[in-house]
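In: any chance you could fold what I've pasted below:
(2 chains)
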Amino acid sequence: MRYLPSAPAEDRALLETIGVRNAEELLGGIPDRLRLGRELALPPHASEQEVAWEMGRLSARNARFCAQFLGAGAYDHFVPAAVDAQIGRQEWFTAYTPYQPEISQGTLQHIFEYQTLIADLAGLDVSNASLYDGGTACVEAALMAVRVQKKRRTVLVSRGLHPFYRQVLATAFAPHQELRLVELPLAAGGTEPADLAAALHEDVAAVLVGYPNFLGSVEDLTALGEVAHGRGALLVSVTQEPFALGWLEAPGRAGADMACGEAMSFGNKLNYGGPYLGFLAVRDSHKREIPGRVVGQTVDLEGRTGYVLTLTAREQHIRRDKATSNICSNQGLAALRANIFLQLAGPQGLAGLAELNAAKAQFLRSRLLELPDFEPVFDRPFFNEFVLRYHGDVATLREACLRESLLPGLDLGPWYPELEGCLLWCATELHTRGMIESVVEVAARVPSLNREGA
Amino acid sequence: MSTRQREPLIFEQSVPGKRGMDLPPLDVPPPRDTRAAHLRRRDFGILPSVSEVDVIRHFTRMSHWNYGVDDGIYPLGSCTMKHNPRLNEKAAALPGFTDCHPMAPDELAQGNLELIYTLQEWLKEITGLPGITLQPSAGAAGELTGVMLIRAYHVSRGAARRIILIPDSAHGTNPATAAMAGYEVLEVASGPDGTISFTDLDEGGKTRRGLNSLLAEFGPEVAGLMVTNPNTLGVFEQAIQEVADALHAVGALMYMDGANMNALVGVARPGDFGVDVMHLNLHKTFSTPHGGGGPGSGPVACSAALEPFLPVPVVRRDTRRVGEGEVETHTYRWDWDRPKSIGKVHTYHGNFGMLVRALAYCLSHGADGLKQATLRAIVNANYIRARLSGTYHLPIQSPTLHEVVFSDTRQAAHDVHTLDIAKRLIDCGFHPPTVYFPLIVPGAIMIEPTESESKAELDAFCEAMLTIAREAETDPELLHQAPTTAPLRRLDETTAARRPVLRWRSPETT
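Out: Numbers count the residues shown, from 1 in each chain, chains lettered A, B, ... in the order given. Here you go, the predicted structure:
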């Protein structure tokens, strides 16, 4: 076995020093009746070549596309070569959580920079070192809001939040009989301040709204924030496409008290849903309630600047059942990707990418709307995703697109029955005009139920 | 390598006008501005303006201050820092995996679904448990999923119950998890070797409750017990089956924290000794890299009774027989029709990239290699135990498996403590072990070498430890001052927590 350092003479020497004849003797602590009295019923070891072939075969069983017009919380963006090259350094990916700061300054300084970038993009003061993904970031934000708000026990969640985020929230809240999770309705693809006002009461700790929401709509954080704050509730903005933060005002400056969501768009690949990057940024006054790892600046014995894991009194290894969260391992390497990506992008890159995304999505939308079967469902500002009703047969459209190696937008029916027959389309900087024209062309060729009077 | 001792924060290196990213030209009309005026991004704050060269050098220099498992032994107890095979990295980077959208239709993601199904089959055989989900992102997420399964099971039988029992030797995530799952935690006493005590223990007039009296008093209110096996001292719970029986007798379930599964793979299966539900750490036992703090992956395996409650969706394999020779073909799909499910615990399918690596690890080792790895990990830990126990105090005499815990009792006589020993190891070129854990051993030094270490590396580490023990007697100040060869000396953690500086701010704005 190539990963094991076994050699007969050395193996014997190890056993002799221990004072046993063979390794099995060291299993004495495991009662005989509890041992597996046979070999595992699994295939034998394989060479590197054989495993490489098998992994190649599996990866090739997945379809590849010329272009994917599917976003819905997972976005296909360009990843600069410098990101992958740096991530491949063993100093980053084979290191553990930086418990020994003197030999972990690389990871610690990187996290400090990452925290700075996320807090700044969010227009807030403090970010943690990362959370698992968008859905679990919503859970941590909601639970944190309840802690901060002391006696308040209700969290309002806009129906515009990613349906999977809402499912993850529901799972996490189910064990807590004392907490209530209440859905805020959608009106024309967005959350109306009037609906929020009607739902607010003295027990509401926080309100979670998408920014932009799952349907692509840019929620008016300022208007919603005024209403929420009027009744003492916190506004939590949930961003599933952080490229939008290069286009839209920072949530903290627009009216949000906390910002959370999914930051995989920054330098991470689609990866069938993970590893992704949950983020959470909060105001300075709430920093001692933030969940997860946090890095702080300090000095060493000689007064030189350095970085350490800090505010650990919040964490599970100190506070045990009173901790702010049970999180231990987070998404360190995904955060490193985001950090490198953001530094490469800089202000011009992020602004330019935002403009490209907005332009491509608007172009795709306007070209689709030239076809008779597509129709707007609502008219709210959007970033790189939008909803259109399709008057043809969605399955037929999908098949036609797939034949041309194009993955169309998401069929919203299963997630929003009220939007049956509607698709959620996404375009990013990866979509050339040609790709957009080709999906429009395919759609134009699909027999129209309208035109045929069916 | 870079020998520079300081790398300025990237924000301090920013020069307006520099750029590290060029974008393709806009080939469609510029966007119309539909944003409300108050929702327009006004500025980009502190985002740095730097070139690609600046960024690469910045991160490369910082990386030189990190210790990785490729640098040598990384003996963090309970963290299982084993070799990260490069094949696994290469496999996870295949575009067929990386470019697949999590909401791609099942028929277009057959490779991923087959991979998930196959890994599940391996892990089911390894754990001896018939139900499994790969959705949890890390060990703690797995714990939470597992305790939620326990809760859902009890709710389906009438009531959630109120209490989770946890031995005092447990990792902090266990009690934190139980609280997040809405349970009250009661601590179970463990004996001197960290194994669960059935009887109450008297400690200086203070009674610590054993399992029997806790179950006698709270039985019908106990939802389950969370146990790490082997425990955090590396000791196998000899009476694990009896613990399970006692729990099952009052209708409670047994959760096993699989953090130390590296001691058991191919040797003993939790499903065979009474475990109802457990998590695995793919980033420990199955070699997926730790990434400086993640991503991990924490699959949860469970009994048939708990299977209906697993998170949605679960993967299904449909088998068809085709033609005369009846060749089997398999197709895979996600099954969302799970009315008893606790729901979703991750937005999509978990840390899929880690699943790719873990399957490559399994295929490479095979049944024989997995068992060899376990045995070698146990040999390595016992070799360190044999070499150091004459010099360092060994608080527990029971047989230990994959890790060994010493304490600083002997060195404390010279005013040298665990932290000093750990920091001096840095000067000797090694990453320190886990220190001051488990809490039941004062001044604990918890060493887990894993199967990756050769005799030469183990000897080098042991020599360093023995030298340090001598230095403790002859030159304690050397240890108090350590480390002196690392990029930085000891850091002031107290001030960091008291006056937290958690981000950089531009001098102009502060």
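In: only C-alpha atoms from now on, for both contacts and neighbour counts.
Out: OK.
In: what residues does the stretch 151-300 of chain A have near chain B?
Out: Taking C-alpha under 8 Å from any C-alpha of the partner chain as the measure of proximity, the stretch 151-300 of chain A contacts chain B at A:164-165, A:167-168, A:170-172, A:175-176, A:220, A:222, A:245-250, A:254, A:269-276, A:294-300.
In: rerun that using 7 Å as the cut-off
Out: Residues of the stretch 151-300 of chain A lying close to chain B (C-alpha under 7 Å from any C-alpha of the partner chain) are A:164-165, A:167-168, A:171, A:175-176, A:246-250, A:254, A:269-275, A:295-300.
In: start and end of stretch B:247-259, how far apart?
Out: End-to-end distance of stretch B:247-259 (C-alpha to C-alpha, to the nearest Å): 22 Å.
In: buried stuff in that stretch?
Out: Residues of stretch B:247-259 classed as buried: B:247, B:248, B:250, B:252, B:253, B:254, B:255, B:256, B:257, B:258, B:259 (neighbour count, 16 or more other C-alpha atoms under 10 Å in any protein chain shown).
In: using CSV, please lay out those residues together with distance to chain A, pLDDT and secondary structure.
Out: Formatted as CSV, the buried residues of stretch B:247-259 follow (distance: C-alpha to the nearest C-alpha, whole Å; pLDDT from 0 to 100; DSSP: H, G, I helix; E, B strand; the rest coil):
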residue, distance to chain A, pLDDT, secondary structure
B:247, 18, 98, helix
B:248, 18, 98, helix
B:250, 21, 98, coil
B:252, 17, 98, coil
B:253, 17, 98, strand
B:254, 16, 98, strand
B:255, 16, 98, strand
B:256, 15, 98, strand
B:257, 14, 97, strand
B:258, 15, 97, strand
B:259, 12, 96, coil
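In: for those, which one is nearest residue A:348?
Out: For the buried residues of stretch B:247-259, the residue nearest residue A:348 by C-alpha to C-alpha is residue B:259; the value is 44.8 Å.
In: among the residues of the stretch 151-300 of chain A next to chain B, which ones are in strands?
Out: Among those, the members found in strands (DSSP state E) are A:295, A:296, A:297, A:298, A:299.
In: returning to that earlier point: now the buried members of the residues of the stretch 151-300 of chain A next to chain B.
Out: Listed as buried from those are A:164-165, A:167-168, A:171, A:175, A:246-250, A:254, A:269-275, A:295-300; burial here means 16+ other C-alpha under 10 Å.
In: pretty sure residue A:149 is in contact with residue A:205, am I right?
Out: Yes: between residue A:149 and residue A:205 there is a contact at 5.7 Å, judged by C-alpha atoms under 7 Å.
In: which of these two has more neighbours?
Out: residue A:205 (28 against 17; other C-alpha atoms under 10 Å in any protein chain shown).
In: which residues sit in contact with the more buried one?
Out: A:145, A:146, A:149, A:152, A:153, A:154, A:155, A:233, A:234 (C-alpha atoms under 7 Å, 6 or more residues apart in numbering or on different chains).
In: out of those, the closest to chain B would be?
Out: Nearest to chain B, judged by C-alpha to the nearest C-alpha, of those is residue A:146 at 12.9 Å.
In: please report the distance of the residue nearest to that closest one when sequence neighbours are not counted from chain B.
Out: Spatial nearest neighbour of residue A:146, excluding adjacent residues (C-alpha to C-alpha, 6 or more residues apart in numbering or on different chains): residue A:205 at 5.7 Å. Note on residue A:205: its distance to chain B, by C-alpha to the nearest C-alpha, to the nearest Å, is 18 Å.
In: helix, strand or coil for residue A:205?
Out: Here residue A:205 is strand, with the state taken from DSSP: H, G, I helix; E, B strand; the rest coil.
In: report the separation between it and residue A:192.
Out: 19 Å.
In: same question, residue A:182
Out: Taking C-alpha to C-alpha, one finds residue A:182 at 15 Å from residue A:192.
In: swap in residue B:335?
Out: Distance, residue B:335 to residue A:192, using C-alpha to C-alpha: 35 Å.
In: and those two? which has more neighbours close in?
Out: Using other C-alpha under 10 Å, the more surrounded residue of residue B:335 and residue A:192 is residue A:192, with 18 against 12.
In: residue nearest the centroid of chain A?
Out: residue A:262 (2.9 Å; C-alpha atoms, centre = their mean).
In: now do the contacts for that residue.
Out: Taking C-alpha under 7 Å, 6+ apart as the contact definition, residue A:262 lies against A:133, A:134, A:239, A:240, A:241, A:277, A:278, A:279.
In: partner residues bridging it?
Out: Beta-bridge partners for residue A:262, by DSSP bridges, are residue A:278.
In: quick one, domains of chain B?
Out: Per automatic domain parsing, the domain ranges recorded for chain B read B:88-362, B:368-495.
In: in CSV: the ones you listed, plus distance to residue B:508.
Out: Conversion of those to CSV gives the following (distance: least, C-alpha to C-alpha, whole Å):
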stretch, distance to residue B:508
domain B:88-362, 33
domain B:368-495, 24
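In: where does chain B dip in pLDDT?
Out: B:1-2, B:509-510 (pLDDT under 70).
In: which stretches of it form strands?
Out: For chain B, the strands defined by DSSP E occupy B:131-133, B:163-167, B:184-188, B:201-203, B:206-208, B:222-228, B:253-258, B:277-280, B:300-302, B:314-322, B:327-335, B:404-407, B:434-435, B:444-447.
In: out of these, nearest to residue B:106?
Out: strand B:327-335 (5.6 Å).
In: and the closest one, which residues are buried?
Out: For strand B:327-335, the neighbour count (16+ other C-alpha under 10 Å) marks B:332, B:333 as buried.
In: show me what it is packed up against.
Out: helix B:110-127, strand B:314-322 (3 or more C-alpha pairs under 7 Å, 6 or more residues apart in numbering or on different chains; DSSP states H and E).
In: of those, flag the one that's most buried.
Out: Mean neighbour count (mean count of other C-alpha atoms under 10 Å in any protein chain shown) peaks for helix B:110-127 among the helices and strands packed on strand B:327-335, with a mean of 21.
In: dump it to CSV, keeping only the CA atoms.
Out: This file holds the C-alpha atoms of helix B:110-127, laid out as CSV (Å, rounded to 0.1, in the frame of the first residue of the first chain):
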residue,chain,number,x,y,z
GLN,B,110,-25.1,10.2,-13.2
GLY,B,111,-21.3,10.1,-12.4
ASN,B,112,-21.8,12.2,-9.2
LEU,B,113,-24.8,10.1,-8.1
GLU,B,114,-22.9,6.9,-8.7
LEU,B,115,-19.9,8.3,-6.8
ILE,B,116,-22.1,9.2,-3.9
TYR,B,117,-23.9,5.9,-3.9
THR,B,118,-20.6,3.9,-4.1
LEU,B,119,-19.0,5.9,-1.3
GLN,B,120,-22.1,5.3,0.8
GLU,B,121,-21.8,1.5,0.2
TRP,B,122,-18.2,1.6,1.4
LEU,B,123,-19.0,3.6,4.5
LYS,B,124,-22.0,1.4,5.3
GLU,B,125,-19.8,-1.7,5.3
ILE,B,126,-17.1,0.1,7.3
THR,B,127,-19.5,1.2,10.0
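In: any idea of the angle it forms with strand B:253-258?
Out: Angle, helix B:110-127 to strand B:253-258, by axes from the mean of the first three to the mean of the last three C-alpha atoms, to 10 degrees: 110 degrees.
In: all helices for chain B, in order.
Out: Assigned by DSSP state H, the helices in chain B fall at B:52-63, B:86-92, B:95-98, B:110-127, B:139-156, B:173-180, B:211-218, B:240-249, B:352-388, B:409-412, B:418-427, B:455-474, B:476-481, B:493-498.
In: what's the most buried one of the ones you listed?
Out: On a mean-neighbour basis (criterion: mean count of other C-alpha under 10 Å), the most buried of the helices of chain B is helix B:173-180, at a mean of 27.
In: tilt between that helix and strand B:222-228?
Out: Going by the same axes, to 10 degrees, helix B:173-180 is angled at 160 degrees with respect to strand B:222-228.
In: contacts for helix B:173-180, please.
Out: With contacts defined as C-alpha under 7 Å, 6+ apart, helix B:173-180 is touched by A:316-317, A:320-323, A:325-326, B:140, B:143-144, B:147, B:164, B:184-185, B:226.
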